[in-house]
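Q: sequence first, predicted coordinates after that:
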Amino acid sequence: MEKNAKIYVAGHRGMVGSAIIRQLKANGFTNIVYRTSSELDLRQQNDVNSFFETERPDYVFLAAAKVGGIQANNCYRADFLYDNLMISTNIIHSAYKNNVTKLLFLGSSCIYPKLAPQPLKEEYLLSGYLEPTNEPYAIAKIAGIKMCETYFDQYGANFISAMPTNLYGPNDNYDLNNSHVLPAMIRKFHEAKLNNSPNVEIWGTGSPLREFLHVDDLAEACLFLMENYNDKQFVNLGSGSEISIKNLALLVKKIVGFDGDLVFNTEKPDGTPRKLMNVSKLSNAGWKCTIELENGIKSVYEDVLNKGILNSHK
């Protein structure tokens, strides 16, 4: 990417989009455009196309999405399917119509079948049934991948896709009603510490294995892919290492400084038993993560304490 190229970051206020903007600015890119959801409803095709016709971005990072944890995905299934289908469809098609040089679409590791072999390889897509709790979101993300692939084939558009693993970092969501597992744990243990609670409830059995990637590592990888990767095959984006939910809870407990016990609520769903990305494709291309999980969680907890973020979410 040229330093003066116009770059559109869709979803700039989210955890991923804001990290991409930080990474772009740190690397000398200053011609960055974005819109808030109140300024531009990405679900409205005409509005999105008008934006592209007016701004004419050279490069697009498609990080906008309706996201949430197991509970939110289960409760708002239609919203997750519709909103995410419309967002990706409108942006990808408008990018093609307005001659965008290159687009990077960001999906999710939930695109893979629930019982796919581990670690997850890119070729396992559509090889089995999806995890039911987040199927609508996964279907929308799979549709985005296929749009990039088909526009790549039919029109020669340089539209690429990357599937990040579980992310954490600055600008995460700490609302227990719709947050992901790691920020939810940070909030739970922090409040339990403040309230001198005897224990903290963890959903499920604690046995599922999960992989985590700091969003600053993700943003660095996104910039790397935009500048170095030009294949229609989507690429996994992760750390390549995993931890059980139980051990994650013990790690967060230690970092927060909570002295009580863990209680596992086995009436709550576990979700997918294991989700580890095979990141050899990305590693072979020349990129690997650098932020180790414990250090990453420590920095995140210090950040939310300094900003008083956990005091503003109830």
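A: Ah, there it is.

Q: give me the pLDDT for Asn247.
A: At Asn247, the predicted lDDT confidence score is 97.

Q: next, it: secondary structure please.
A: helix (DSSP: H, G, I helix; E, B strand; the rest coil).

Q: roughly how far apart are it and Phe212?
A: 12 Å (CB to CB, to the nearest Å). C-beta: built from backbone N, CA, C; applies to glycine.

Q: and those two? which has more neighbours close in?
A: Set side by side, Asn247 and Phe212 show more neighbours around Phe212, with 23 against 13, by other CB atoms under 10 Å.

Q: my read is that that one contacts Tyr168, right?
A: Yes - contact criterion CB atoms under 8 Å: Phe212 and Tyr168 qualify, at 5.8 Å.

Q: quick check: neighbours shared by these two?
A: Leu182, Gly296 (CB atoms under 8 Å, 6 or more residues apart in numbering).

Q: now do the contacts for Lys3.
A: By CB under 8 Å, 6+ apart, the residues touching Lys3 are Gly28, Phe29, Thr30.

Q: element containing the first one, please.
A: What that stands for is Gly28. According to DSSP states H and E, Gly28 maps onto no helix or strand at all.

Q: if I pick it, what's in contact with it?
A: Lys3.

Q: pull out the buried positions in the one helix or strand Ala219 maps to.
A: Ala219 is part of helix 215-228 when elements are defined by DSSP H and E. For helix 215-228, the neighbour count (16 or more other CB atoms under 10 Å) marks Val215, Asp216, Asp217, Leu218, Ala219, Glu220, Ala221, Cys222, Leu223, Phe224, Leu225, Met226 as buried.

Q: now those in JSON lines, with distance to Lys254 and pLDDT?
A: Formatted as JSON lines, the buried residues of helix 215-228 follow (distance: CB to CB, whole Å; pLDDT from 0 to 100):
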{"residue": "Val215", "distance to Lys254": "22", "pLDDT": "97"}
{"residue": "Asp216", "distance to Lys254": "22", "pLDDT": "97"}
{"residue": "Asp217", "distance to Lys254": "22", "pLDDT": "98"}
{"residue": "Leu218", "distance to Lys254": "25", "pLDDT": "97"}
{"residue": "Ala219", "distance to Lys254": "27", "pLDDT": "98"}
{"residue": "Glu220", "distance to Lys254": "27", "pLDDT": "97"}
{"residue": "Ala221", "distance to Lys254": "28", "pLDDT": "98"}
{"residue": "Cys222", "distance to Lys254": "31", "pLDDT": "98"}
{"residue": "Leu223", "distance to Lys254": "33", "pLDDT": "98"}
{"residue": "Phe224", "distance to Lys254": "32", "pLDDT": "97"}
{"residue": "Leu225", "distance to Lys254": "34", "pLDDT": "98"}
{"residue": "Met226", "distance to Lys254": "37", "pLDDT": "97"}
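
Q: worst-scoring helix or strand of the chain, pLDDT-wise?
A: helix 70-75 (a mean of 70; mean pLDDT, DSSP states H and E).

Q: immediately after that helix, which helix or strand?
A: For helix 70-75, the following helix or strand on the C-terminal side (DSSP H and E) is helix 77-97.

Q: neighbours around Ile297, how many?
A: Residues lying near Ile297 (other CB under 10 Å) number 24.

Q: what of Asp153?
A: By other CB under 10 Å, 10 other residues sit near Asp153.

Q: can you name the residues that contact it?
A: The contact partners of Asp153, by CB under 8 Å, 6+ apart, come to Lys232.

Q: and stretch 264-273, average pLDDT?
A: Stretch 264-273 shows an average pLDDT of 86 in the prediction.

Q: contacts for that stretch?
A: The contact list for stretch 264-273, computed with CB under 8 Å, 6+ apart, reads 70, 110, 114-115, 131, 133-134, 201-209, 245-246.

Q: may I see the buried residues of that stretch?
A: Within stretch 264-273, the residues scored as buried using 16+ other CB under 10 Å are Phe264, Gly271, Thr272.

Q: make TSV out of those and add distance to Tyr76.
A: Below are the buried residues of stretch 264-273 laid out as TSV (distance: CB to CB, whole Å):
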residue	distance to Tyr76
Phe264	26
Gly271	16
Thr272	19
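
Q: any chance of those residues in CSV, with distance to Leu104 and secondary structure too?
A: Shown next, in CSV, are the buried residues of stretch 264-273 (distance: CB to CB, whole Å; DSSP: H, G, I helix; E, B strand; the rest coil):
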residue, distance to Leu104, secondary structure
Phe264, 38, strand
Gly271, 27, coil
Thr272, 25, coil
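
Q: quick one: which of those is nearest Val235?
A: When those are compared for distance to Val235 (CB to CB), Thr272 wins out at 20.3 Å.

Q: rewinding a little: right, and out of the contacts of Lys3, which lies closest to Asn99?
A: Out of these, the member with the shortest distance to Asn99 (by CB to CB) is Phe29, at 19.7 Å.
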